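only geometry, no sequence info:
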């Protein structure tokens, strides 16, 4: 293994054409990072927030895709997050463990880069390692001289033809889904009211609904002055977690996040409002819809806009880490019923998909 | 090596009686801290947030009063913030400057400690130093073995008799004011609705109203598991600043904060909701009421409670740092009118008080 | 009100000549800072990371030397860290304690400033204070109008002649050492391979080798756009700590850091890779070599470069804080053997030096 890496790294600065596949991984199309999980990264039970993991994933993706897009010595650019595919949290990560984030460029279209990221938790005392999640992200290169202009991506060199074919399929699939989402988004703009919980019935949607505002500061943003996708995802997970905890009054963890599309860049100095509400509960899970709206408070010409939206799925945990039953959601209005049914459909579809994957494993 | 240090430290802590006044300042009743202001501490125009300064002030006060309350080798305790007196921000602090925080114990009652803090900004390149604000804080010692029990405070030794007399006057005055506030707080519990700004008329109260939620993590709290007063004040200022910026759509800075009372300890793991709404505007200032509610989401037995409330005053600044006129607030309901009149009364009272102070300066 | 402050501050900065020594310490050549240690500053056992302490030390040094270099009202400048002398961690610091950092300028050459810093831990509840470490740092003033240009340092005024003589000796010694290090650095640039630990034998160098990457954001950097030396040192300590914990699978703490030279400024927006590998183990200590490489990912003209390197020494601790034996390192290749022998030489040299110091203490 060591020899392979030595070989792969020796050729670094020479060829700038990037290849993908098991045979050869030059430095530029791969990236690994590590960080110890601190108390602030976790809830009171010591489980690291899903949002912290999403933020690390996005940082790795942004580094590797920015590096790739600048590799041809053409116009300088920075890679901005356009989309994250659905992500499952397979195993919890705890305080004191080391998180390993390993990212690889797996496909490039004319204007976008696909990055696949794997996160592993390592207990450095016991030596136990676990894959906590895998994610796929899409980035778009923006010109440094004018961040409104999307540049061309240097093509990736594939080791095997089928890698390119499979990549193109994923590219087309996400393109289709994004178009659908854009349509849905403009359709569903709805204020989430932060009503007085004391007058609300427990287990209703209004009871657990929550929202937060955040003024985007320098550390939230790239040097080019727009917010990192990972920062937004961390705040989305924070709101979703509070909604989930308010509903079931136990310790909760992120189980999965639906695909998130980032429709529009959010600039430094904007205030973002992140609102979350329960849409669906099964026996053992809660689905929370999270909406992100950006408000360019100082810039008179700019209008408030919907910047992103996603569904987060949470589970409730006992003190010894076992999943607990979730109190059923009380739906009151016709609209709440409709959203509940849509959530149920997503839940059943995902369940069927997982069963199919399990069945596909040869016994 | 260790022997050497032991020697150097042997002379520590001989006298345990603390005195106050220019004649003698033993280590224990004084405290100074310094920190460089980072981009994250400031708004886009480079002005450090009032909340960052309040947080530094409170940390200095907590250190010095905890140290004092443990100086008699009786039961171990930790000092918790009970009240901050009205604070004016006299001069802006900027990124890259060094903030000097100097704290001194100026009075002790049987169960409370008064700390006076002065913050100075220093531009280490030009050498210019300015006092940015002065604050007075009251702390109460809580037993480490049972944080519900308030302990007795070791008495301060005064250099001059009048220091004690003046201190007692301040103590009695704040006691009276706190009782009044408690009454007002229970009276005015009102949800601040996070309405959809797009359907709201600009310059109304609803248009700029904002709220945020925050899950209290380990870094927000003392080792005894309750939130530092400074963390709460920083979040309060954050919300107030967003309300102010939404109203006048310019760069804004904190001009002053009214007295804040901390009615009840907020525990780690709680979710706090911080809501802000405009109550009054003069030609050049805005008054924002901020309410803090704590929600012990995991603890079934505990109820949501009002933890603190305060009035923040903001001014609007042009790009070159001059104060700008503030758009008048559009009040709609009877209650909004009533709150506006109360704000106006506070504004006029403060204006008269300042004029009296100016007149008192000998020419 | 403002008139009052103007009066109070009028007496500021009269004399601009700085003196050193016990007789007189004007404000400008001294600096003290304080901060409470938070959960995020420490490992799971509550011991504050050596890296957090190094970061505080560097911040104090940067403040005091920037202030000194601007004291003559000539060209404005900012002090950049060039070198930190070997530092021993004499006593652990814990969460909840207050760290006191006190810095003093002790020597100036034509183009550099020597700062000596002492860190003390204070338990504000028990009142116990301990010196945790002493450090010596060298800063160089860079012109604000062109950060590539080194300016002249205003000369320090010494109280006693021998202070200057001793300072010059330290200056010459570090100059010599830096030249040697520069040579060594260019010689030993070698990638630290990130091999798969699961296929590696425990106690080998490859088994515990680690690296992390970090994208330098605004809060990591000075206003002039290059990273603070303290930020780099904190990350170096983080990697070294992971290597040490992986090797001995216990709780570990930093015992000392060898002299670190900062060869070249690292700019905002760079990605830095920090790699660590074990070089030597004695019965009770581990030596870890840490290399820092900077990668200007967006800037085409710039090349990846070695920015710093250092040796960290760690010890292994039991749950009650006693030092534990360290598992011997398995060296495999000829090069590993050579590095082990070099590490052993450094270890024996340091041991002899300490013994000489102990012998010098009068009984």
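Okay, I see it. On a predicted model such as this, the values are computed, not experimentally measured, just so you know.

how many other residues sit next to residue A:126?
Neighbour count for residue A:126, taken as other C-beta atoms under 10 Å in any protein chain shown: 9. C-beta: built from backbone N, CA, C; applies to glycine.

in stretch A:100-113, what's buried?
Using 16 or more other C-beta atoms under 10 Å in any protein chain shown as the test for burial, stretch A:100-113 gives A:100, A:101, A:102, A:103, A:104, A:105, A:106, A:107, A:108, A:109, A:112, A:113.

was I right to think the third one contacts residue A:32?
This means residue A:102. Yes. Taking contacts as C-beta atoms under 8 Å, residue A:102 lies within contact range of residue A:32: 4.6 Å.

which neighbours do these two share?
Common contacts of residue A:102 and residue A:32, defined by C-beta atoms under 8 Å, 6 or more residues apart in numbering or on different chains, comprise residue A:60.

so who does the closest residue to chain B within the stretch 201-350 of chain A touch?
Closest residue of the stretch 201-350 of chain A to chain B, C-beta to the nearest C-beta: residue A:218 (3.8 Å). By C-beta under 8 Å, 6+ apart, residue A:218 lies in contact with A:268, B:39, B:40, C:217, C:218, C:219.

how about 6 Å then?
Applying C-beta atoms under 6 Å, 6 or more residues apart in numbering or on different chains to residue A:218 gives the contacts B:39, C:218.

same question, residue A:118
By C-beta under 6 Å, 6+ apart, the contact set of residue A:118 is A:102, A:134.

report the separation between it and residue A:90.
10 Å (C-beta to C-beta, to the nearest Å).

point out where chain A drops to low pLDDT.
A:1-29, A:73, A:181-199, A:300-301, A:363 (pLDDT under 70).

may I ask which two of the buried residues of stretch A:100-113 are separated the most?
Spatially, the most separated pair among the buried residues of stretch A:100-113 is A:100 and A:109, at 28.2 Å (C-beta to C-beta).

can you tell me which residues in chain A are near chain B?
Applying C-beta under 6 Å from any C-beta of the partner chain, we find that chain A lies next to chain B at A:39-40, A:44, A:191, A:194, A:196, A:210-213, A:215, A:217-219, A:242, A:245-246, A:249, A:269, A:271, A:297-298, A:300.

among those residues, which ones are buried?
When those are checked for burial by 16+ other C-beta under 10 Å, the buried set is A:39, A:44, A:191, A:194, A:196, A:210-213, A:215, A:217-218, A:242, A:245-246, A:249, A:269, A:271, A:297-298.

ok, what's across the strand from the residue nearest to residue A:68 when sequence neighbours are not counted?
Once flanking residues are discounted, residue A:68 sits nearest to residue A:105: 5.6 Å by C-beta to C-beta, 6 or more residues apart in numbering or on different chains. Following DSSP bridges, residue A:105 is listed with bridge partners residue A:115.

ok, now residue A:276?
Per DSSP bridges, residues listed as beta-bridge partners of residue A:276: residue A:210, residue A:290.

and the one 10 residues further on, by the same measure?
In this structure, residue A:286 has beta-bridge partners residue A:281, residue A:314, where bridges are defined by DSSP bridges.

please name the residues that touch it.
Neighbour list for residue A:286: A:244, A:278, A:314, A:326 [criterion: C-beta under 6 Å, 6+ apart].

tabulate these (CSV), appending neighbour count, distance to residue A:65 and secondary structure.
Formatted as CSV, the contacts of residue A:286 follow (neighbours: other C-beta atoms under 10 Å in any protein chain shown; distance: C-beta to C-beta, whole Å; DSSP: H, G, I helix; E, B strand; the rest coil):
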residue, neighbour count, distance to residue A:65, secondary structure
A:244, 31, 32, helix
A:278, 30, 34, strand
A:314, 27, 29, strand
A:326, 22, 37, coil
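
dump these to a markdown table, plus distance to residue A:158.
Formatted as a markdown table, the contacts of residue A:286 follow (distance: C-beta to C-beta, whole Å):
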| residue | distance to residue A:158 |
| --- | --- |
| A:244 | 41 |
| A:278 | 43 |
| A:314 | 38 |
| A:326 | 44 |
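
so which of those is the closest to residue B:341?
Closest approach to residue B:341 among the contacts of residue A:286 (C-beta to C-beta): residue A:278, at 40.6 Å.

got a list of what the closest one touches?
Counting by C-beta under 6 Å, 6+ apart, residue A:278 makes contact with A:205, A:208, A:247, A:286, A:288, A:329.

if we go to 7 Å?
Applying C-beta atoms under 7 Å, 6 or more residues apart in numbering or on different chains to residue A:278 gives the contacts A:205, A:208, A:243, A:247, A:286, A:288, A:329.

among the residues of chain A next to chain B, which are in strands?
A:210, A:211, A:212, A:213, A:215, A:271 (DSSP state E).

farthest-apart pair in those residues, please.
A:210 and A:215 (18.2 Å).

so how far is residue B:249 from the closest residue to chain C within the stretch 201-350 of chain A?
Of the residues in the stretch 201-350 of chain A, the one nearest chain C is residue A:218, at a distance of 3.9 Å by C-beta to the nearest C-beta. Residue A:218 sits 21 Å away from residue B:249, going by C-beta to C-beta.

next: residue A:47.
Counting by C-beta to C-beta - residue A:47 and residue B:249 are separated by 41 Å.

do the same with residue A:109
Remark: distance between residue A:109 and residue B:249 (C-beta to C-beta) = 39 Å.

what do you get for residue A:241?
Relative to residue B:249, residue A:241 is positioned 32 Å away (C-beta to C-beta).

same check, this time on residue A:320
From residue A:320 across to residue B:249, the span is 52 Å (C-beta to C-beta).

residue A:292 now?
21 Å.

elements contacting the strand ranked longest in chain A?
In chain A, with assignment by DSSP E, the single longest strand is strand A:129-143. If contacts are counted by 3 or more C-beta pairs under 7 Å, 6 or more residues apart in numbering or on different chains; DSSP states H and E, strand A:129-143 sits against helix A:50-69, strand A:77-84, strand A:87-88, strand A:113-122.

burial of residue A:284, as a residue count?
So residue A:284, with other C-beta under 10 Å, has 12 neighbours.

that one is in what secondary structure piece?
Using DSSP states H and E, residue A:284 sits within no helix or strand.
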